[in-house]
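> please find the sequence and the predicted model below.
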Amino acid sequence: MLLAIDIGNTSTVLGVFDGERLLCCWRLATERDRTADEYGILCRNLFSLWNLDRNRIEAIVVSSVVPPVNARIREMSRQYFELAPFFVDPAAQDLIPVRYQPVTDVGADRIVNAVAAVELYGKPAIVLDLGTATTFDVISPQGDYLGGVIAPGLGISAEALFTRAARLPRVEIRRPENVIGASTVESMQSGLFYGYLSLVTGLLSLIRRQLPAATVIATGGYADSLCPELSDLHHFDPNLTLKGLRIFYDRCFRKGAKSG
């Protein structure tokens, strides 16, 4: 079995694969001060709840955009699984040509998503990842990673309203029944939801002018709330990154590449 770990700025997602089948996955808060033992105890408890034998884990593959956490994941992997984890490095992979400059600036999760999109849904493609930041990753008809767009995420936008405007409360992010809010809370929810929906649909429209045949795949923590409103969306895959990590392991690491 394979343990795949995606370390994002807000959430860390773990998934266990048996071959190509995703058995289970869990979403944890990313905490930069969490120790290797705390990660290990969390993994041990999650495996126990799902009646999984952690001794059956043969490899661990990781994508991370939070460097301070990496050393603790390495230590946890060695202490609790007796394995050295494989870290995805966009600059050292050969699964997809990267036209982004410099290559070292592109997040590992974005490359992992692009590889999964091409493998599972074809090319050209646009990956819409609605997470801490909202990213649009664009893959050409030739299968090259071209780059994309980075915008503040929906959660960041909501938090900015609360922290920067003295009289505005923190609100639940959800679709209000009416665009015209009848209260401060409803007005904020309308601005966040419909305003963000307009940002996403507008950027998708502009990108599709250059790649009209592109398949659009959505993923990320906020995708399930916005996806029903996206008419240009072809696929919603909440586990796209985990699937991409499994593909990376099978193609790059299984054959004996050095772990990190």
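Thanks, I have the structure now.

> what helix or strand is residue 163 on?
According to DSSP states H and E, residue 163 maps onto helix 154-164.

> check what pLDDT residue 150 gets.
Confidence at residue 150, expressed as pLDDT, is 95.

> how distant is the helix holding residue 163 from the center of its chain?
Between the centre of helix 154-164 and the centre of its host chain there is 20 Å, according to C-alpha atoms, centre = their mean, to the nearest Å.

> what's next to it, contact-wise?
Helix 154-164 is contacted from outside by 10, 130, 132-134, 152, 168-171, 173, 188, 192, 196, 221-222, 226, using C-beta atoms under 8 Å, 6 or more residues apart in numbering. (C-beta placed from N, C-alpha, C; glycine too.)

> following it, which helix or strand shows up next?
helix 184-210.

> other SSEs contacting that next one?
strand 125-130, strand 133-139, strand 145-152, helix 154-164, helix 223-226 (3 or more C-beta pairs under 8 Å, 6 or more residues apart in numbering; DSSP states H and E).

> looking at these, which is buried most?
strand 125-130 (a mean of 26; mean count of other C-beta atoms under 10 Å).

> list the strands paired with that one, with their directions.
strand 133-139 (antiparallel), strand 215-219 (parallel) (DSSP bridges).

> can I get that strand in PDB, CA atoms only?
The C-alpha coordinates for strand 125-130 follow below in PDB (Å, rounded to 0.1, in the frame of the first residue of the first chain):
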ATOM      1  CA  ALA A 125      -6.700  20.900 -19.700                       C
ATOM      2  CA  ILE A 126      -7.400  23.600 -17.100                       C
ATOM      3  CA  VAL A 127      -7.100  22.600 -13.400                       C
ATOM      4  CA  LEU A 128      -9.100  24.800 -11.100                       C
ATOM      5  CA  ASP A 129      -7.800  24.300  -7.500                       C
ATOM      6  CA  LEU A 130     -10.000  26.200  -5.000                       C
END
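
> contacts for stretch 44-58 next, please.
Against stretch 44-58 from outside (C-beta under 8 Å, 6+ apart): 1, 2, 3, 14, 16, 23, 24, 26, 43, 80, 81, 83.

> for the residue nearest to residue 103 when sequence neighbours are not counted, which residues are in contact?
Counting by C-beta to C-beta, 6 or more residues apart in numbering, residue 91 is the residue found nearest to residue 103 once chain neighbours are left out, at 4.5 Å. Contact analysis of residue 91 by C-beta under 8 Å, 6+ apart lists 98, 103, 104.

> with secondary structure and distance to residue 249 added, can I get these in JSON lines?
Shown next, in JSON lines, are the contacts of residue 91 (DSSP: H, G, I helix; E, B strand; the rest coil; distance: C-beta to C-beta, whole Å):
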{"residue": "98", "secondary structure": "strand", "distance to residue 249": "19"}
{"residue": "103", "secondary structure": "helix", "distance to residue 249": "21"}
{"residue": "104", "secondary structure": "helix", "distance to residue 249": "22"}
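
> which of those sits closest to residue 230?
When these are ranked by distance to residue 230 (C-beta to C-beta), residue 98 comes first, at 26.5 Å.
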